[in-house]
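Trainee: Quick one, fold the following:
(one chain, ligands or ions: 1)
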Amino acid sequence: MDSRDKHVHLWKSFSFAIAGIKTALWSERNMRIHFFVSLIAIGFSIFFSISKWEWLFVIVAIGGIFSLEMVNTAIERVVDLVTEDYHPLAKQAKDLAAGAVFIYAITAVVIGTIIFLPYFFRWLI
Ligand SMILES: Nc1ncnc2c1ncn2[C@@H]1O[C@H](COP(=O)(O)OP(=O)(O)OP(=O)(O)O)[C@@H](O)[C@H]1O
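Mentor: Below is the predicted model:
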C-alpha cells in the first residue's frame, strides 16, 4: 500500500466514522438527549467561565457519554442481527451495555454537580 492509498484508506475510515455518528444521532433518542444536555452543560460552562481543569472534566464527561452510547447502540445492533428470538445471552449483552452507559451517565451527573453547584450558589447569593 503506497502513501496515497493509505491516505484514501484513512479518509474512508474517517467518513465511515462520521456516518456512524450521523446514524446514532438520527436513530437513537438517547443520543439526542445527550446532545441536548451537553449543549446545556457547555452553555453553563461558558456562562460561569469555568476553569481550564473544569473544562477538561466537562469535555471528558461529554465525549465519554457519546462514545459509550454509540458502543451500546452497536452492541444492540449486533445482538439484533444475531437473533430476533429471546435469548438470555442477548438479554445479558444488552443489559450489560445499557448498564455501562448508566454508570457513565451517573458519573457525568456527579461531575456536573461538583463543578456547577458551587457556581450556582455563588451566582444566587
Ligand atoms: N433478543 C433478546 N433476548 C432477550 N432479551 C432481549 C432481547 N432483545 C432485547 N432484550 C431485552 O429488552 C431490553 C430492551 O431492548 P431493546 O433492544 O429495545 O433496547 P433498548 O435499550 O430499549 O434500546 P434503545 O436504547 O434503542 O431504546 C434489553 O435491555 C434486554 O433486557
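Trainee: wait, does the helix or strand that contains residue 109 contact the ligand?
Mentor: In this structure, residue 109 sits in helix 88-124 according to DSSP states H and E. Yes - under the criterion of CB under 6 Å from any ligand atom, helix 88-124 makes contact with the ligand via 90, 91, 94, 95, 98. Yep, even glycine has a C-beta here, placed from its N, CA and C like the rest.
Trainee: Show me how far that helix is from its chain's centre.
Mentor: A distance of 11 Å separates the centroid of the chain from that of helix 88-124, by CA atoms, centre = their mean, to the nearest Å.
Trainee: That one packs against which elements?
Mentor: The contact analysis (3 or more CB pairs under 8 Å, 6 or more residues apart in numbering; DSSP states H and E) places helix 88-124 against helix 29-47, helix 52-82.
Trainee: Kindly present these as TSV, with separate columns for mean neighbour count.
Mentor: Compiled in TSV, the helices and strands packed on helix 88-124 are given as follows (neighbours: other CB atoms under 10 Å):
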stretch	mean neighbour count
helix 29-47	14
helix 52-82	15
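Trainee: Reformat those helices as a markdown table; add distance to residue 114 and mean pLDDT.
Mentor: Converted to a markdown table, the helices and strands packed on helix 88-124 look like this (distance: least, CB to CB, whole Å; pLDDT from 0 to 100):
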| stretch | distance to residue 114 | mean pLDDT |
| --- | --- | --- |
| helix 29-47 | 13 | 96 |
| helix 52-82 | 8 | 98 |
